[in-house]
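K.L.:
this one's sequence-less:
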């Protein structure tokens, strides 16, 4: 078979194939990383055919990322690009390349230990997914990396899903990206635009501020530290954070379950329904706009919240409060001596290879991303500003993280699938209190007739929002990224809830999911 490959093409193939082995080696670094890399490399260089001949030579002068996340950012798009350039010339060689890389990946995985660790297995899945992404339908769309990739997974035609996200755009959202993983495989689609006044669609795996989905990550870290024996779930939170003089009846569990009664620092309601403002959050209009780059210390947020009367006696009721998760952040940092972001990287992001997920230290959202907007009134006139860039310290660990639909899928499926927490702690997490159906960092809901239970958390964050749903076994997930025009009146809230309801009904099987509570924004 004759194929023509430029030097650049050959280098792309080598970066992809040899990088895949580097990824497997890095993911298994706690074990025999060197042996994993060696065995995988041998498998590559023993390949046959034109592609195998190219792969007998390692790439020269390539500086892969120093972390697993940086490495994945380079290698996974290169795998997709390699499959695409080979498919254009010879389908058989594309298949040869795919099989060669997978043989090498398997060789690397099996040298780690008798059975691959969850981290290595997940990396193998990501590599396989990157190879398979280019094996789908003939129609392609521009990927986040600039490489042509299919608009949907292999052979899937899901017009009902595309119709739903288009209806969301028609109802007022600027843009929507949806990712569904189920028995039919993976489907990814987008509708609307990434930026007002432009025509480009939202990136299919773009970065988005995930708002209150951050709480699920934070709760998972706390529970992992419970598993490590560093935190007791039913101990008074005051034992760990005595500097705040917390009510001794408030336990760590109550913080994670929103049953502490502590005032919500971003604004709360008195029993008579009167709204009480906290810090200038997105319900504050122009005041929030003017302060959106201000840095708030977590301790400052907690002290402001504690200066307000408690909503109820600890453990006697339920009320959504971002303050609970700011306290959870400080608790993690107190017992570990490290920032929450570092613990999240150690316990979740690193092991799962979540290269698109960050707790931002700067106002920027990594590229690619859709734009977020905020509308407010000034001198009697309606104004609108792009608020994609902002300092999320005002919400802290109640909603400051950035992620992608792919990473959210990986995270929630791994979490409920038992790969991050011991079974007993996962059961605690997914046991809901009766009023709102909130467990420990997740909502536990009924997806309606025929749909069963879903584990979920959604979040809105000043013009960005994210959805995250899974069946209890992690085999079916729905994740989505939204960009919209936010305002003090939360005008998009009704459309947000209605759209969520429609998506859950479609993906998880008839009936309505009661999305209102799960759609709590980070406001």
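P.N.:
On my side now, so go ahead. All of these numbers come straight from a predicted model, not from anything done at the bench. Residues are numbered from 1 along each chain as shown.

K.L.:
The residue positioned nearest the centre of the chain sits in which helix or strand?
P.N.:
Centroid-nearest residue in the chain, with Cα atoms, centre = their mean: residue 408, separated by 3.0 Å. Using DSSP states H and E, residue 408 sits in helix 405-416.

K.L.:
Can you tell me which helices and strands that helix packs against?
P.N.:
Secondary-structure packing of helix 405-416 (3 or more Cβ pairs under 8 Å, 6 or more residues apart in numbering; DSSP states H and E): helix 118-133, strand 175-182, helix 214-227, helix 350-352, strand 464-470, strand 477-483. Heads up, the C-betas are built off the backbone N, CA and C, glycines and all.

K.L.:
quick one, the longest one and helix 405-416 angle?
P.N.:
Using axes from the mean of the first three to the mean of the last three Cα atoms, to 10 degrees, the inter-axis angle of helix 118-133 relative to helix 405-416 is 140 degrees.

K.L.:
Could you do the second one as well?
P.N.:
Between the axes of strand 175-182 and helix 405-416, defined by the same axes, to 10 degrees, the angle is 40 degrees.

K.L.:
which other residues reach strand 175-182?
P.N.:
Residues from elsewhere that reach strand 175-182 (Cβ atoms under 8 Å, 6 or more residues apart in numbering): 158, 161, 164-165, 168-169, 186-194, 201-206, 370, 405-406, 408-409, 413, 475-483, 503, 507.

K.L.:
quick revisit: and the helices and strands packed on helix 405-416 as JSON lines, adding mean pLDDT and distance to residue 340?
P.N.:
Putting the helices and strands packed on helix 405-416 into JSON lines (pLDDT from 0 to 100; distance: least, Cβ to Cβ, whole Å) gives the following:
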{"stretch": "helix 118-133", "mean pLDDT": "78", "distance to residue 340": "21"}
{"stretch": "strand 175-182", "mean pLDDT": "96", "distance to residue 340": "26"}
{"stretch": "helix 214-227", "mean pLDDT": "98", "distance to residue 340": "7"}
{"stretch": "helix 350-352", "mean pLDDT": "92", "distance to residue 340": "14"}
{"stretch": "strand 464-470", "mean pLDDT": "97", "distance to residue 340": "19"}
{"stretch": "strand 477-483", "mean pLDDT": "97", "distance to residue 340": "22"}
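
K.L.:
Show me the one of these that comes nearest residue 452.
P.N.:
Between residue 452 and these, the tightest spacing by Cβ to Cβ is seen for strand 464-470, at 11.3 Å.

K.L.:
surely residue 78 meets residue 16?
P.N.:
Yes: with contact defined as Cβ atoms under 8 Å, residue 78 reaches residue 16; the gap is 3.8 Å.

K.L.:
Compare these two (neighbour count), which wins?
P.N.:
residue 16 (26 against 23; other Cβ atoms under 10 Å).

K.L.:
Relative to residue 506, how far out is residue 466?
P.N.:
Distance of residue 466 to residue 506, given as Cβ to Cβ, to the nearest Å: 18 Å.

K.L.:
Who has more neighbours out of those two?
P.N.:
For residue 466 versus residue 506, neighbours defined as other Cβ under 10 Å are more numerous around residue 466 (28 against 16).

K.L.:
Name the nearest residue to the more buried one, ignoring sequence neighbours.
P.N.:
Distances taken as Cβ to Cβ, 6 or more residues apart in numbering put residue 210 closest to residue 466, at 4.0 Å, once the chain neighbours are dropped.

K.L.:
Do I have it right that that neighbour meets residue 397?
P.N.:
No: using Cβ under 8 Å, residue 210 is not in contact with residue 397, being 11.9 Å away.

K.L.:
Have a look at those two and say which one is more surrounded.
P.N.:
Neighbour count, other Cβ under 10 Å: between residue 210 and residue 397, residue 210 has more, with 33 against 28.

K.L.:
who touches that one in this structure?
P.N.:
When contacts are counted by Cβ under 8 Å, 6+ apart, residue 210 touches 399, 401, 402, 403, 408, 459, 461, 464, 466, 468.

K.L.:
just checking, the last one touches residue 474?
P.N.:
No: using Cβ under 8 Å, residue 468 is not in contact with residue 474, being 11.8 Å away.
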